[in-house]
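**Student:** could you work out the structure for the sequence below:
(one chain, ligands or ions: 2)
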Amino acid sequence: MTDCLFCKIIKKEIPSEIVFESENAVAFMDINPQAPVHFLVIPKIHLSSITKVEKEHGSIMAEMARIINEVAKQKNIEKSGFRVVVNHGKDSGQAVPHLHFHVLGGRKLKWPPG
Ligand code: 5GP
Ligand code: ZN
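**Tutor:** Ligands and ions are numbered 1, 2, ... in the order given. The predicted model follows:
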């Protein structure tokens with residue numbers, strides 16, 4: 001989508017610290033990290049939120065799960081642990097309407113989240 005921030009990051013029209021890129025997905029560091037390690041994994045196709053995921057997106061979803069694990073290893077948080085968060089809609093505070101997995105680690109995370 002032309003005016004979507006994350007679509008612009010995918011097209012490299014907006015600079016970001018990309019840490020992994022595959023055919024269908026990209027991982028990049030969050031600009032406002034909430035933990036020592038905070039990266040986002042997004043599909044290259046524009047899906048406005050997790051609620052738009054259909055059966056046909058199964059292989060992209062699996063690819064993103066593999067990327068989460070790959071970058072978690074790269075960032076040395078696989079052994080210590082990490083959290084994967086997806087926000088949807090107003091109550092979650094979702095700010096960017098392009099599906100993204102937050103991956104947070106590098107410190108002890110509180111539960112339940114705020
Ligand atoms: P949401 O609240 O939609 O779940 O999360 C959006 C995330 O995108 C936030 O953690 C925010 O810091 C991050 N973000 C917003 N704009 C940019 C940007 O231009 N570059 C990067 N790397 N991250 C961004
Ligand atoms: Zn988009």
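**Student:** which one's the longest helix in the chain?
**Tutor:** For the chain, the helix with the greatest residue count under DSSP state H is helix 58-74.
**Student:** quick check: residues of this structure near ligand 2?
**Tutor:** Neighbours of ligand 2 within the chain, by C-beta under 5 Å from the ion: 1, 4, 6, 7, 46, 98. In this view, the C-beta of every residue, glycine as well, is placed from N, C-alpha and C.
**Student:** quick one on the thing from earlier: by contact count, what packs against the longest helix of the chain?
**Tutor:** The contact analysis (3 or more C-beta pairs under 8 Å, 6 or more residues apart in numbering; DSSP states H and E) places helix 58-74 against strand 18-21, strand 25-29, strand 37-43, strand 101-105.
**Student:** now the protein, which segments are flagged as low pLDDT?
**Tutor:** Residue ranges of the chain with pLDDT under 70: none are present.
**Student:** give me whichever of the helices and strands packed on helix 58-74 is most buried.
**Tutor:** strand 37-43 (a mean of 23; mean count of other C-beta atoms under 10 Å).
**Student:** show me what it pairs with in its sheet, parallel or antiparallel.
**Tutor:** Partner strands and pairing direction for strand 37-43 (DSSP bridges) are strand 25-29 (antiparallel), strand 101-105 (antiparallel).
**Student:** residues making contact with that strand?
**Tutor:** Residues from elsewhere that reach strand 37-43, judged by C-beta atoms under 8 Å, 6 or more residues apart in numbering: 6, 9-10, 19-20, 24-30, 57, 60, 64, 67-68, 71, 75, 77, 82, 98-106.
**Student:** and if you look at stretch 87-104?
**Tutor:** Here stretch 87-104 has contacts from 1, 4-7, 30, 34-35, 37-43, 46-53, 64, 68, 71-72, 82-86, using C-beta under 8 Å, 6+ apart.
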